[in-house]
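Chemist: pasting the sequence and the predicted model now:
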Amino acid sequence: MTSPRFAEQLNEQIGNEFAAHQQYIACAIHFDALTMPQTAAFFYGQALEERDHAMMMVQFLLDTDCEVRIPGVEAPETKFDSVVGPVELALAQEKRVSEQIFALTRTAREENDFAAEQFMQWFIKEQVEEVATMNDLLAVATRAQHDVEAIEEYVRREQGTEGNDPTAPPIAGA
């Protein structure tokens, strides 16, 4: 059975994932408004991933017969001064989410909740990838901030390099 302490924290994390979803939509809209369709599509895709992460957590709680609560979230940041700003924010967000995932894993371990700890392993792997992706995009956006076509070309080349991950936890409603 999932520990009540882990379930409580996972419910909080669902809100963090939905907040990340909304923040990525705001970033995508910023790039859409700049007529940067590749970068906008990338951030719309990131938003969907964050939503899926929340729904994976929902499914885990359902599967372990725990109460699911969907917390409210604060409005995302929507004003950016440059093409670099949203990417800087995204990297900081991914680093913050990584720390949240590590804390959840630590709780599962402290509670001897082996199923919860195993569930969190996929998210650890995912966060390593997410931070690396945003680090790379930030380097490109910073270097090419006055050449949006170079950013668009980089994002276009990188799109679709990830396939569906058969090890991913199930998504509620999918």
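Modeler: Looks like it arrived, so ask away. Since the structure is predicted, the reported quantities are computational estimates derived from the model, not experimental observations. Numbering: from 1, shown residues only.

Chemist: pLDDT value on the residue most central in space within the chain, please?
Modeler: The chain has Glu50 as the residue nearest its centroid, 4.1 Å off, counting by Cα atoms, centre = their mean. Predicted confidence (pLDDT) for Glu50: 98.

Chemist: my guess is it meets Glu17, correct?
Modeler: Yes. Assessed by Cβ atoms under 8 Å, Glu50 is found in contact with Glu17 at 5.3 Å. Every residue, glycine included, has its C-beta placed from N, CA and C.

Chemist: give me the contacts around the helix or strand where Val155 lies.
Modeler: Assigned by DSSP states H and E, Val155 falls within helix 148-158. Residues outside helix 148-158 that contact it (Cβ atoms under 8 Å, 6 or more residues apart in numbering) are 34, 36-39, 41-42, 83, 133, 136-137, 140-141, 143-145.

Chemist: got the CA coordinates for stretch 136-149 in CSV?
Modeler: In CSV, the C-alpha atoms belonging to stretch 136-149 read as follows (Å, rounded to 0.1, in the frame of the first residue of the first chain):
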residue,chain,number,x,y,z
ASP,A,136,21.1,22.7,-25.0
LEU,A,137,18.2,24.9,-26.2
LEU,A,138,19.4,27.7,-23.9
ALA,A,139,22.9,27.5,-25.3
VAL,A,140,21.5,27.7,-28.8
ALA,A,141,19.0,30.5,-28.0
THR,A,142,21.7,32.5,-26.2
ARG,A,143,24.2,32.1,-29.1
ALA,A,144,21.6,32.8,-31.8
GLN,A,145,19.3,35.2,-30.1
HIS,A,146,19.5,37.7,-33.0
ASP,A,147,19.1,34.9,-35.6
VAL,A,148,15.7,33.3,-34.9
GLU,A,149,16.0,31.2,-38.0
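
Chemist: of the contacts of helix 148-158, buried ones?
Modeler: Neighbour counting over these (16 or more other Cβ atoms under 10 Å) leaves 36, 38-39, 41-42, 83, 133, 137, 140-141, 144 as the buried ones.
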